[in-house]
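Enquirer: Task: produce atomic coordinates for the following.
(one chain, ligands or ions: 1)
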Amino acid sequence: MSHSVEIRIASDADTASKNVAEEFAKALQLKPSIVLGLATGGTPVGVYQQLVSLYQAGKISFQQCTTFNLDEYVGLGPDHPQSYRYFMQTNLFDHIDIAAGQTFVPDGVSNSIQDSCADYEEKIQSFGGIDLQLLGIGENGHIAFNEPGSDSNGRTNVVDLTENTISANSRFFESIEEVPRQAVTMGIGTILESKRIILMATGRNKAEAIARALEGEPGDDSPASFLTTRENITFVLDQDAASRLSGPTIRRTKEIL
Ligand code: F6R
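Expert: Residues are numbered from 1 along each chain as shown. Just a heads-up that it's a prediction; the model follows:
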């Protein structure tokens, strides 16, 4: 593993969320016009709650900032309660002072989805690239919806979801049949171009994926492992997600109490 990866282990998920939210708040204070890359799913919910509290306390403003989300389900429009646009509105955007036109989520219902993927890439470039990207990780090591086997240079694209991901995400739907089979996702190449990345993982079900990403050679069986090939990458874990790391890896982590 590259030693440029910073690993922080928090006593619990709440502490991990606070730590990540503080990083985002600091970055926002330093550069109000920052371009943020955002994730959905269970992992970042606590981070968004913290950011909303910091906003409500008058400590941060999102007025000048721009956001790009990692991914969106194909076939789910913005009003669908399981769409990632809906998730972002209800968990963050509706509660802060960000301008509606400054939040971007890939379009899952475009008639020409390939064109809209290319437009998304151009849009990111037109804002000067992503300054700070938040990532979760799948149980199979995916980042955004880049499943094992994805190209490490990939750009925003339409992808098929694996059975593992469909089953993991079915907890948010009434039944597994309702989970879309495809998604639009930033590629690993797109993600790796972010200036700084924070990957957050909590829970024992992520422990294997975290150990594989951080230990051993980067390879496409673990999309998250490609993150270790770069600088400016921080993994923020709770103790459960860190529970499969080997002794030498644990010894070089920072503890967050
Ligand atoms: C979501 C995303 C996914 C999730 C991952 C973990 O935008 O990009 O890669 O980060 O599936 O999901 P949770 O946090 O629900 O365990």
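Enquirer: which residues of this structure fall in strands?
Expert: With DSSP state E, the ranges of strands along the chain come out as 5-10, 35-38, 66-69, 71-73, 103-104, 132-135, 157-160, 182-185, 196-201, 233-238, 254-256.
Enquirer: Give me the nearest residue to the residue in the stretch 1-150 of the chain positioned nearest to the ligand, chain neighbours excluded.
Expert: Minimum separation of the stretch 1-150 of the chain from the ligand (CB to the nearest ligand atom) falls at G136, amounting to 2.4 Å. Every residue, glycine included, has its C-beta placed from N, CA and C. Counting by CB to CB, 6 or more residues apart in numbering, G136 lies nearest to T43, which is 4.0 Å off, once chain neighbours are set aside.
Enquirer: I'd assumed M200 was in contact with the one you found.
Expert: Yes. Between T43 and M200 there is a contact at 5.4 Å, judged by CB atoms under 8 Å.
Enquirer: shared neighbours of the two, anything?
Expert: Applying CB atoms under 8 Å, 6 or more residues apart in numbering, one finds that T43 and M200 are jointly contacted by G136.
Enquirer: and these two? which has more neighbours close in?
Expert: M200 (28 against 24; other CB atoms under 10 Å).
Enquirer: Bridge partners for the more buried one, pull those for me.
Expert: Bridge pairing for M200 (DSSP bridges) gives the partners V236.
Enquirer: tell me the contacts of it?
Expert: Counted by CB under 8 Å, 6+ apart, M200 has contacts 16-17, 20, 43-44, 47, 134-136, 235-237.
Enquirer: Look at E208 and say how many residues are nearby.
Expert: As a burial measure, E208 scores 16 neighbours (other CB under 10 Å).
Enquirer: can you check S170 too?
Expert: Using other CB under 10 Å, S170 is surrounded by 14 other residues.
Enquirer: measure it to the ligand for me?
Expert: 11 Å (CB to the nearest ligand atom, to the nearest Å).
Enquirer: Would you agree that residue is in contact with R181?
Expert: No. Using CB under 8 Å, S170 is not in contact with R181, being 11.9 Å away.
Enquirer: What ranges does the stretch 1-150 of the chain have for its helices?
Expert: With helices called from DSSP state H, counting those that start in this stretch, the stretch 1-150 of the chain shows them at 13-30, 45-56, 84-91, 113-126.
Enquirer: quick one: which of those is nearest I166?
Expert: Of all the helices of the stretch 1-150 of the chain, the one in closest proximity to I166, counting by CB to CB, is helix 84-91 (15.4 Å).
Enquirer: and that closest one with helix 45-56, angle?
Expert: 50 degrees (axes from the mean of the first three to the mean of the last three CA atoms, to 10 degrees).
Enquirer: Point out the other helices and strands that helix 84-91 packs with.
Expert: On a contact count with 3 or more CB pairs under 8 Å, 6 or more residues apart in numbering; DSSP states H and E, helix 84-91 meets helix 45-56, strand 66-69, strand 71-73.
Enquirer: any chance of the ones you listed in CSV, with mean neighbour count too?
Expert: Converted to CSV, the helices and strands packed on helix 84-91 look like this (neighbours: other CB atoms under 10 Å):
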stretch, mean neighbour count
helix 45-56, 19
strand 66-69, 23
strand 71-73, 24
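Enquirer: Same list (the ones you listed) but as a markdown table, adding mean pLDDT and distance to T165.
Expert: Shown next, in a markdown table, are the helices and strands packed on helix 84-91 (pLDDT from 0 to 100; distance: least, CB to CB, whole Å):
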| stretch | mean pLDDT | distance to T165 |
| --- | --- | --- |
| helix 45-56 | 98 | 18 |
| strand 66-69 | 98 | 17 |
| strand 71-73 | 98 | 11 |
